[in-house]
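> predicted model and sequence below, questions to follow.
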Amino acid sequence: MAERRAHRGFDGCVDLDGRHRLRKKDAHRTERNSNQSDGHAFFPARIAGQETRRCLCDAFPQLRCQFCGAVPKFLRRLGPDELMGHVHSDALSFEVSFKHQRVLVNRGVYEYTSGPRRNEARSIRSHNTPCVDDCEQAEIWSSFRVGQRRHLDEHFFIETGDGWRAGGGWRTPGGVSIQRSIILTGQGRLEVWDSIKGEGSHSISIPFHWGPSLEVRLCSQSPFTQGLGACREWESHGQDVKFYGKTYSHPPGELLAEPTTWWPGFYREERIERLKFHQNSADLPVLVWTVFSPFPELLAETDEIWKDQAHKLLNDPALMRK
């Protein structure tokens, strides 16, 4: 299949084994029971009023992926204008499942009552998306009220012969540009490119919340020459699944594995682990590449990919859309 640009966005749900299907009854999920995929993921289907999820990669038997088409207006804007009370700071976030197991999750919803947990559930820190200077994508005023929202400047979705590429970008009030590109190869490697550009020094955090029963272990760290930053290897494993990952960054930052909480439903709280790239005061631009797969052989060539792409993307972040 020739590569082509499609006029649809993405809702952030990735099913690596292709077994989960969005049924008609799923289109009526509310924020309360959207713990299958936190808020953002199922709102597009509800707005559209029809099934929008489809599998793009039936061709390869080793791995399946699903990517959900959605309403472009929703994806460009943070939450539907007519239902802003359920808005979360979740633009550019995504979730992953594999072999019927939740692999990457957003933190869910604990309650609707105003308070620390409600605010935390809606915050950018609780979603798998880059955060700069703790800037929220929406001003949270109370349990069901928001103020100014910072919508995506752009988004894209490109089908490739054996997978897909998708992403978008937005700007903070201080003018910092945040762009993300997510790539799933047909062989089964998931890549997340994050480019952050602007002026001055900024605090940067890029979290990945791992599903219940998955543990994260940090491995070796390798510096690169010629101003290409550093790489940190890591693993995430559960009873039936194991992922091998690497995080590349320029300039180098700190990679943390830390405990946090997940709210899979009302008044339910479980412990999960979070892998977080962090820089307290980073001079921009910053480029971070997180790549992982259940197949370790697919990470053998990533050092060369990083060396080839890092200089290009730092000089021209628009290349992330190509």
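Ah, there it is. Residues are numbered from 1 along each chain as shown.
> switch to C-alpha atoms for all contacts and neighbour counts from now on
Fine.
> the helices in the stretch 51-200 of the chain, which residues?
With DSSP state H, counting those that start in this stretch applied, the stretch 51-200 of the chain shows helices at 72-76, 116-122, listed in chain order.
> which stretch in the ones you listed has the least confidence?
Across those, helix 72-76 has the smallest mean pLDDT, namely a mean of 38.
> shaky segments in the stretch 201-322 of the chain?
225-226, 317-322 (pLDDT under 70).
> CA atoms only: put the host helix or strand of residue 249 into CSV for me.
Assigned by DSSP states H and E, residue 249 belongs to strand 242-250. What follows is strand 242-250, C-alpha atoms only, in CSV (Å, rounded to 0.1, in the frame of the first residue of the first chain):
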residue,chain,number,x,y,z
LYS,A,242,7.8,-8.4,28.4
PHE,A,243,8.9,-5.2,26.6
TYR,A,244,12.4,-4.1,25.8
GLY,A,245,12.9,-0.3,25.5
LYS,A,246,15.3,2.5,25.0
THR,A,247,15.0,6.2,25.7
TYR,A,248,17.3,8.5,23.7
SER,A,249,17.6,12.2,24.5
HIS,A,250,19.4,15.3,23.5
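> so what are the sheet partners of it and their directions?
Note on strand 242-250: by DSSP bridges, its sheet partners are strand 230-237 (antiparallel), strand 286-293 (antiparallel).
> mind listing what's buried in stretch 82-89?
84, 85, 86, 87, 88, 89 (16 or more other C-alpha atoms under 10 Å).
> I'd guessed the last one sits against residue 136; true?
Right, the one you point to is residue 89. Yes. With contacts counted by C-alpha atoms under 8 Å, residue 89 reaches residue 136, the gap being 6.2 Å.
> hey, what's in contact with both of these two?
Both residue 89 and residue 136 are in contact with 123, 124, where contact means C-alpha atoms under 8 Å, 6 or more residues apart in numbering.
> and the gap between residue 283 and residue 249?
Relative to residue 249, residue 283 is positioned 13 Å away (C-alpha to C-alpha, to the nearest Å).
> longest strand of the protein, counting residues only.
The longest strand of the chain (DSSP state E) is strand 268-283.
> which strands and helices sit next to that one?
If contacts are counted by 3 or more C-alpha pairs under 8 Å, 6 or more residues apart in numbering; DSSP states H and E, strand 268-283 sits against strand 201-209, strand 215-223, strand 254-265.
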